[in-house]
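1. missing the sequence, but the structure's below:
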């Protein structure tokens, strides 16, 4: 079970949230109501997606204090503690992309396919473009086509176009590019990368324990964040890290683990 502890915790969190959202819609539960764009916890605490709020803000529309407060709470949580944890612990699309990545490894597609090049900067360009289009068109553009919103609404209220969006993302990640949606396209993921860049909870690496087996890099959805493997003992400081914990799960030498952020790099000869 040790090899799957964080994976199982993430699935429990994601499924539990979906059950609570469904319960609010079907049975009137009050624990968490709404959707991932705008929620109300226990009928008191507002939570709002900062990216959705930003899109609405650039349209010039007025925003209620509850929406602004909800966005501030979410931003502070991920900015101080959670990092980019939304992508791996909350977003339902993560279950689809993780499944596609696992199947891709099992079928060894990465070994036989010619690599389809995509720049990780693409998601930031899409983020900027979506804000420009929202301002020009007077509506939150990405929210109209977001597979995350469609899938979440579909899982809560019944599948419509959300089912098709999930299939497209699964096939894209499986057949075209490993972790293509979350790692290269999703502007919501880009937003959380920026928000969580300086968060306190980080993956730390102990080079003294590392045997350079590379199992962590194999399962990591953002492989470039583990550039220090077998080189130096330091924390993963890149905002792109999703804090999913899979690298910690698969590391048999306990060279990786969650810790409080450290800005300092320690040379190997001083460790």
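-> Okay, I see it. The model shown is predicted, which means the values in this text are computed figures rather than measured ones.

2. hang on, isn't residue 20 packed against residue 30?
-> No. Using C-beta atoms under 8 Å, residue 20 makes no contact with residue 30, being 9.8 Å away. Where C-beta positions appear, they are placed from N, C-alpha and C, glycine not excepted.

3. I'd assumed residue 77 was in contact with residue 196.
-> No. Between residue 196 and residue 77 there is no contact under C-beta under 8 Å: 9.6 Å.

4. for residue 65, what are phi and psi?
-> phi -60, psi -30 (degrees, to the nearest 10).

5. now do the contacts for it.
-> Residues near residue 65 by C-beta atoms under 8 Å, 6 or more residues apart in numbering: none.

6. returning to what we had before: between residue 20 and residue 30, tell me which one has more neighbours.
-> residue 20 (18 against 13; other C-beta atoms under 10 Å).

7. that one and residue 214, how far apart?
-> 38 Å (C-beta to C-beta, to the nearest Å).

8. check the gap between the residue positioned nearest the centre of the chain and residue 242 for me.
-> The centre of the chain sits closest to residue 87, judged by C-alpha atoms, centre = their mean, with a distance of 1.5 Å. Residue 87 sits 5 Å away from residue 242, going by C-beta to C-beta.

9. who touches both of those two?
-> Joint contacts of residue 87 and residue 242 (C-beta under 8 Å, 6+ apart) are residue 182.

10. now whichever helix in the chain runs longest, how far from the centre of its chain.
-> Secondary structure of the chain per DSSP state H: the longest helix is helix 5-26. When distances are taken as C-alpha atoms, centre = their mean, to the nearest Å, helix 5-26 is centred 15 Å away from the chain's centroid.

11. do stretch 68-82 as well
-> Mean C-alpha position of stretch 68-82 versus that of the full chain (C-alpha atoms, centre = their mean) differs by 15 Å.

12. what do you get for stretch 124-143?
-> 20 Å.

13. please point out which parts of it sit buried.
-> 124, 126, 127, 130, 131, 134, 140, 141, 142, 143 (16 or more other C-beta atoms under 10 Å).

14. of the residues you listed, which belong to helices?
-> Reading helices off the buried residues of stretch 124-143 with DSSP H, I get 124, 126, 127, 130, 131, 134, 141, 142, 143.

15. how far away is the residue lying closest to the second one once chain neighbours are set aside from residue 202?
-> Distance criterion C-beta to C-beta, 6 or more residues apart in numbering; nearest residue to residue 126, sequence neighbours excluded, is residue 187 at 4.6 Å. Between residue 187 and residue 202 the distance, using C-beta to C-beta, works out to 24 Å.

16. what's the neighbour count on residue 79?
-> Residues within reach of residue 79, counting by other C-beta under 10 Å, total 19.

17. typo on my end, residue 39
-> Neighbours of residue 39 using other C-beta under 10 Å come to 20.

18. so is it in a helix, a strand, or just coil?
-> strand (DSSP: H, G, I helix; E, B strand; the rest coil).

19. so what's it scoring on pLDDT?
-> We have a pLDDT of 94 for residue 39.
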